[in-house]
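Visitor: what's the 3D shape of this:
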Amino acid sequence: MENEKNYLEYLAELYPTIEKAATEIINLQSVINLPKGTEHFLSDIHGEYEAFSHVLRNGSGAVRKKIDDVFGHTLGISEKRALATLIYYPRERLEMEKKQQEDIDDWYKVMLYRLIDVCKIVSSKYTRAKVRKALPADYGYIIEELITEKPEVLDKEAYYEAIIQTILEIGSAENFVIAVAELIQRLVVDHLHIIGDIFDRGPEPYKIMDCLMNYHSLDIQWGNHDILWMGAAVGNPACIATVIRNSIRYGNLDVIEDGYGINMIPLATFAMSVYADDDCSCFEIKNKKHSYETEIELEMKMHKAISVIQFKVEGQAAELYPEFGFQRRNFLDKINYEEGTITIGGKIYQLLDDYFPTIDPKNPYQLSAEEEEIMNRLVKAFQSCEKLQRHMRFLLNKGSLYKIYNSNLLYHGCVPLNDDGSLRKVKIYGKSYQGRTLYDVMESYVRKGFFAVDPDEKKKGRDLMLSLIHISE
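Guide: Predicted coordinates:
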């Protein structure tokens, strides 16, 4: 009853009179009867900014469909394609047309009319108030005039012609075309769902994050790669080592160095020193972007150096939290360092690489003094990177492990199940959870890793993120 009272008091503040409440009810009812806005679903972006940007611009074909709806058979395929390209990439297309068109003003005029027609149809499913909020500040009033039916104007063609002609005469056609094209991009998708894995493998996840932070309406379901970066941001050594190893392995060390400004020189210096006489052939880079052999050789040595560190810190986590099940990933204690073999499942295998100068066979998961120093510096660098922290806060504000939206359950990866398909219980810090409760508890610990006041709870949140990487896969 107390919650209901608080809720009613809050509503009374928002709508203090019967008239205001009635107006809101009428408005909400009218919104319900409008056509449903287009939802856009994207998953496994993995740092591929160019592909992500293109899909976002065209709404996965939604823009092209609207063009077909408006123009049907009145425009040819090539004309429709040209109009679509203008909407996707207005600045680039305009630069090209200015060089090719003999009468650029005539081309502007034709394109403006076509863009306005498309804009009318993409805005028709929204209330006028919502469209007004989406209008660009500089040309909002004029665009609203052009896309709004005006029954009081008898000669509509002359009215619109006068507006278009004025735009041309004052030299604003180019900027106006860009404004309308970007408005169409904005209106064609009502809401964006990012269903996990913004990070890793691709070269520019930080650009994707910057783009998402400016997007009008979205939600994010964290993928295992996103949680990996969140764990790195709060200083989990195993997450940091994995993030760096992934970046090096896929030839995207620039993500760490240029994208987030984290210094990799200490790791590079260490790798060149310790593995100077090792060709590190087993740690080949997947996407070689450098033409110089010395750079490729350096990255392979760095790849091996951080991989060994990762194996060690993951082994330490396995010893600290046996309930996480990391022991199955521990192999350093199964190596015969004198013979260069490893025993797995009762079988002995010959190692392809048996040079591990930083591993103490008696205590294989202990970092060397130099490795310890490197990790301490990296932990501080990740925790103090302002841009990384800003991106992770955005993931926390707009994201979750799962979301129910329009009666659909959205989540990345999988839900732990038993062989018979029933929900499997997973132990989290001594207590067992399953299904939705499991995900709620895991998400609460992710947030504790960032915001908990209690140092022990904050550490638990930070450490659990390593476990979530594997649970959500």
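
Visitor: run a quick neighbour tally on the nearest residue to residue 468 once chain neighbours are set aside.
Guide: Of all residues not flanking residue 468 in the chain, residue 227 sits nearest, at 4.9 Å (CB to CB, 6 or more residues apart in numbering). No exception for glycine: its C-beta is placed from N, CA and C like everyone else's. Counted with other CB atoms under 10 Å, the neighbours of residue 227 add up to 30.

Visitor: what's in contact with stretch 62-69?
Guide: Outside stretch 62-69, the residues that touch it by CB atoms under 8 Å, 6 or more residues apart in numbering are 38, 40, 57-58, 75, 80, 83-84, 87-88, 118, 121-122, 184-185, 188-189.

Visitor: ok, 7 Å please
Guide: Stretch 62-69 is contacted from outside by 38, 58, 80, 83-84, 87, 118, 121-122, 184, 188-189, using CB atoms under 7 Å, 6 or more residues apart in numbering.

Visitor: mean confidence for stretch 96-113?
Guide: In this model, stretch 96-113 has an average pLDDT of 90.

Visitor: now it - C-alpha only, PDB.
Guide: Listed next in PDB are the C-alpha coordinates belonging to stretch 96-113 (Å, rounded to 0.1, in the frame of the first residue of the first chain):
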ATOM      1  CA  MET A  96      30.500  13.500 -56.000                       C
ATOM      2  CA  GLU A  97      27.400  15.000 -57.500                       C
ATOM      3  CA  LYS A  98      28.900  18.600 -57.400                       C
ATOM      4  CA  LYS A  99      31.700  17.400 -59.600                       C
ATOM      5  CA  GLN A 100      29.400  15.500 -62.100                       C
ATOM      6  CA  GLN A 101      26.200  17.600 -62.400                       C
ATOM      7  CA  GLU A 102      26.000  20.300 -65.000                       C
ATOM      8  CA  ASP A 103      23.100  22.000 -63.300                       C
ATOM      9  CA  ILE A 104      23.600  21.300 -59.600                       C
ATOM     10  CA  ASP A 105      20.600  23.500 -58.500                       C
ATOM     11  CA  ASP A 106      18.300  21.500 -60.700                       C
ATOM     12  CA  TRP A 107      19.600  18.300 -59.100                       C
ATOM     13  CA  TYR A 108      19.200  19.700 -55.600                       C
ATOM     14  CA  LYS A 109      15.600  20.600 -56.400                       C
ATOM     15  CA  VAL A 110      14.700  17.100 -57.600                       C
ATOM     16  CA  MET A 111      16.500  15.400 -54.700                       C
ATOM     17  CA  LEU A 112      14.900  17.700 -52.100                       C
ATOM     18  CA  TYR A 113      11.400  16.900 -53.300                       C
END
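
Visitor: how about that stretch: buried residues?
Guide: By neighbour count on 16 or more other CB atoms under 10 Å, the buried set for stretch 96-113 is 97, 104, 107-109, 111-112.

Visitor: which residues of the stretch 101-250 of the chain fall in strands?
Guide: For the stretch 101-250 of the chain, applying DSSP state E, counting those that start in this stretch gives strands covering 191-194, 218-221.

Visitor: so for the first one, what's the average pLDDT?
Guide: To tie it back to what came earlier, the one meant is strand 191-194. 94.

Visitor: again with stretch 401-409
Guide: Mean pLDDT, computed over stretch 401-409, is 92.

Visitor: dump it to PDB, restricted to CA.
Guide: What follows is stretch 401-409, C-alpha atoms only, in PDB (Å, rounded to 0.1, in the frame of the first residue of the first chain):
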ATOM      1  CA  LEU A 401      22.400  -9.100 -19.000                       C
ATOM      2  CA  TYR A 402      18.800  -9.500 -20.400                       C
ATOM      3  CA  LYS A 403      15.800  -7.300 -21.200                       C
ATOM      4  CA  ILE A 404      12.100  -8.000 -21.800                       C
ATOM      5  CA  TYR A 405      10.900  -5.600 -24.600                       C
ATOM      6  CA  ASN A 406       7.600  -5.800 -26.300                       C
ATOM      7  CA  SER A 407       7.100  -9.300 -24.700                       C
ATOM      8  CA  ASN A 408      10.300 -10.500 -26.200                       C
ATOM      9  CA  LEU A 409      13.200 -11.800 -24.100                       C
END
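
Visitor: which residues sit against that stretch?
Guide: Outside stretch 401-409, the residues touching it (CB under 7 Å, 6+ apart) are 193, 219, 221-222, 410-411, 439, 442-443.

Visitor: can you tell me which of those are classed as buried?
Guide: For those, buried by 16+ other CB under 10 Å: 193, 221-222, 410-411, 439, 442-443.
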